[in-house]
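S.K.: this one's sequence-less:
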């Protein structure tokens with residue numbers, strides 16, 4: 001029997017102990033076992049999912065005949081180093097690399113990588129099986145579709161990939177027990193699971209390789225298989241299930257049924273705790289219904305409307321169609337009525353974007369109480385954006401940057417750094433503005449004061465945040481100065497991945513929200529007074545701003561009297577009433593049975609605003625004054 005080893009190195013967040021089962025290679029092997037000549041000639045020696053020292057991993061292998069590696073942006077370099085080491089020790093081993101980051105244009109791939117024998121393009125099940133069959137004489141490797149063959153450093157391509165037409169032919173690697181050994185192999189690791197309920201994406205966005213990798217027609221796995229996999233995950237106490245569908249909710253009735261399966265599984269086993277997914281690009285009210293069910297079961301990690309940009313010119317350039325304005329408003333309103341926050345994802349610097357269009361679009365979303373997360377453009381191998389003609393047309397500049405997800409071996413990503421509409425120097429400051437603006441709004445430092453200034457004094461959000469940024473950069477005694485200078489340095493070095501939301505918030509939040517909290521709010525008051533120097537209510541606005549953002553040092557309930565109904569005026573639909581107004585503010589609490597630090601709890605709840613204190617009118621009168629720094 002020939003030993004086959006497969007690896008799909010998990011995405012690893014720095015400091016995290018959470019890993020994902022190697023689903024992609026698991027499902028490739030699962031399919032192979034159903035085809036002629038495989039189980040008679042091959043034995044699965046091992047599946048790997050955790051990066052470890054290269055030689056240590058090679059030591060785990062026993063006489064490997066075939067090794068298959070799945071590559072994406074967080075493991076490309078590691079996989080190539082691993083392939084080189086395996087080939088050096090076992091020169092007769094057939095080395096195969098597949099996955100989404102495997103270049104479809106492979107003409108020069110093997111010239112400096114003699115340790116790789118084959119590339120698999122797009123879907124891997126049929127191509128990998130065909131190669132295994134060719135190694136034992138069942139078929140000729142040159143007839144296997146969708147592969148590139150190393151012929152002494154030159155590339156022989158065998159034509160287009162072939163797609164599985166009926167997904168019922170693909171067994172579940174979970175039910176087969178392919179991952180059962182991983183707990184013992186990697187003791188102490190916490191495993192998250194991925195689930196695939198359908199495959200394919202009907203959209204062909206130029207920055208993405210999804211539609212091109214899995215073809216545009218969407219195919220479905222059977223509901224019985226999905227239910228069995230969820231039961232497996234519940235029994236094994238999997239904390240989080242990540243759905244790999246490109247558009248969960250695109251099949252409304254079916255995906256609602258899957259939602260109910262998730263909830264039943266948690267009711268039965270207490271697990272999975274959380275469900276994360278890529279919500280359908282065309283968000284609908286029915287999607288909100290699914291999200292509400294998940295939220296009521298404490299399973300929903302986030303509800304996201306993925307817009308990428310609000311600029312119609314940008315959407316045309318990237319071949320994207322967003323929700324119509326009326327539909328987006330209806331989805332958001334439905335979510336808010338169900339006490340659920342709405343997130344959106346934007347990509348900075350897409351072709352056609354300008355400073356003005358980006359800042360206006362982001363602030364428009366913030367004004368609707370939509371939480372914004374911004375991401376850099378990673379230029380993926382097989383995306384249309386990686387085509388030379390596309391880059392030339394839009395004046396795209398790029399840099400090879402070390403990935404934040406590097407471990408053992410440094411990983412690198414091709415990152416867009418500018419376009420003809422948003423040159424590199426502008427992009428640097430835009431990243432800093434976006435990071436600071438999104439952080440301050442989403443984490444409760446500014447949403448009351450910005451909305452008050454906008455309603456009463458017609459101050460545009462983008463002007464407030466631009467002045468706030470410049471004020472912090474230019475004044476050393478402000479609470480944010482050292483952080484802004486630090487992140488300005490990241491921008492100057494084009495390290496845009498350091499701005500990613502969540503990854504870099506924790507120390508900043510701790511400092512601004514706890515250690516230097518009084519100075520933070522004094523700085524915000526000073527900036528507000530720049531726009532409305534004669535407004536005596538700004539002190540009251542800042543009192544409310546500070547109290548509605550939960551901090552553990554606050555009393556569980558606070559009674560305050562302000563000079564107007566500033567909270568309802570700023571965040572609600574009431575007219576401003578300048579008269580003594582009594583408020584009762586209830587501090588938010590961490591989940592029962594937990595004792596996190598403030599910043600850990602705060603950072604983990606910013607997407608659904610569970611940190612936000614509840615505010616109500618009160619009949620009792622006490623006064624709280626904003627402390628001066």
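M.R.: Sure, I can see it. What you see is a predicted model, and the numbers here were worked out from it, not measured in a lab.
S.K.: contacting residues around stretch 134-141?
M.R.: Contact with stretch 134-141 is made by 2, 36-37, 41, 65-66, 94, 118, 130-131, 133, 144, 147, 149, 158, as judged by C-beta atoms under 8 Å, 6 or more residues apart in numbering. (C-beta placed from N, C-alpha, C; glycine too.)
S.K.: Among those residues, which lie within helices?
M.R.: Taking DSSP state H as the definition of helices, those contribute 130-131, 133.
S.K.: Mind putting those into JSON lines with neighbour count, distance to residue 452 and pLDDT?
M.R.: Output for the ones in helices among the contacts of stretch 134-141, formatted as JSON lines (neighbours: other C-beta atoms under 10 Å; distance: C-beta to C-beta, whole Å; pLDDT from 0 to 100):
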{"residue": "130", "neighbour count": "24", "distance to residue 452": "65", "pLDDT": "97"}
{"residue": "131", "neighbour count": "23", "distance to residue 452": "64", "pLDDT": "97"}
{"residue": "133", "neighbour count": "22", "distance to residue 452": "69", "pLDDT": "97"}
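S.K.: Closest one to residue 259 out of those, please.
M.R.: Closest approach to residue 259 among these (C-beta to C-beta): residue 130, at 36.9 Å.
S.K.: residue contacts, that closest one?
M.R.: Residues in contact with residue 130 (C-beta under 8 Å, 6+ apart) are 139, 141, 143-145, 147.
S.K.: Mark which of the residues you listed are buried, thanks.
M.R.: 139, 141, 144, 147 (16 or more other C-beta atoms under 10 Å).
S.K.: pretty sure the last one contacts residue 121?
M.R.: Yes. Taking C-beta atoms under 8 Å as the definition, residue 147 is a contact partner of residue 121 at 6.9 Å.
S.K.: Now do the shared contacts for the two.
M.R.: Taking C-beta under 8 Å, 6+ apart as the contact rule, residue 147 and residue 121 both touch residue 127.
S.K.: What distance do you get for residue 419 to residue 487?
M.R.: 22 Å (C-beta to C-beta, to the nearest Å).
S.K.: Lowest mean pLDDT among the helices and strands, pick that one out for the chain.
M.R.: Sorted by mean pLDDT, DSSP states H and E, the helices and strands of the chain end with helix 210-214, the least confident at a mean of 52.
S.K.: Skip ahead from that helix and say which helix or strand is next.
M.R.: Following helix 210-214 in sequence order, the next helix or strand is strand 219-220 (DSSP states H and E).
S.K.: What segments of the stretch 51-200 of the chain are strands?
M.R.: Along the stretch 51-200 of the chain, the segments classed as strands by DSSP state E, counting those that start in this stretch run 64-70, 94-98, 118-120, 147-151, 154-157, 190-195, 198-199.
S.K.: closest to residue 568 out of the ones you listed?
M.R.: Between the strands of the stretch 51-200 of the chain, strand 190-195 lies closest to residue 568; by C-beta to C-beta that is 41.2 Å.
S.K.: contacting residues around the closest one?
M.R.: 17-21, 23, 174, 179, 182-183, 226, 229-230, 233, 236, 238-244, 272.
S.K.: thinking again about what came up before, closest one of the ones in helices among the contacts of stretch 134-141 to residue 200?
M.R.: residue 130 (21.2 Å).
S.K.: Run through the stretch 1-150 of the chain and note the low-pLDDT ranges.
M.R.: The stretch 1-150 of the chain contains residues with pLDDT under 70 at 14.
S.K.: any chance you could map the helices in it?
M.R.: Along the stretch 1-150 of the chain, counting by DSSP state H, counting those that start in this stretch, helices occupy 23-32, 54-60, 76-89, 125-135.
S.K.: What is the shortest one packed up against?
M.R.: Packing partners of helix 54-60 (3 or more C-beta pairs under 8 Å, 6 or more residues apart in numbering; DSSP states H and E): strand 42-48, helix 76-89.
S.K.: Out of the contacts of strand 190-195, which sit inside strands?
M.R.: Among those, DSSP state E puts 18-20, 240-243 in strands.
S.K.: Could you export those residues to TSV, including columns for distance to residue 522 and neighbour count?
M.R.: Listed next are those as TSV, based on distance: C-beta to C-beta, whole Å; neighbours: other C-beta atoms under 10 Å:
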residue	distance to residue 522	neighbour count
18	39	14
19	44	20
20	44	19
240	40	20
241	44	25
242	42	18
243	45	20
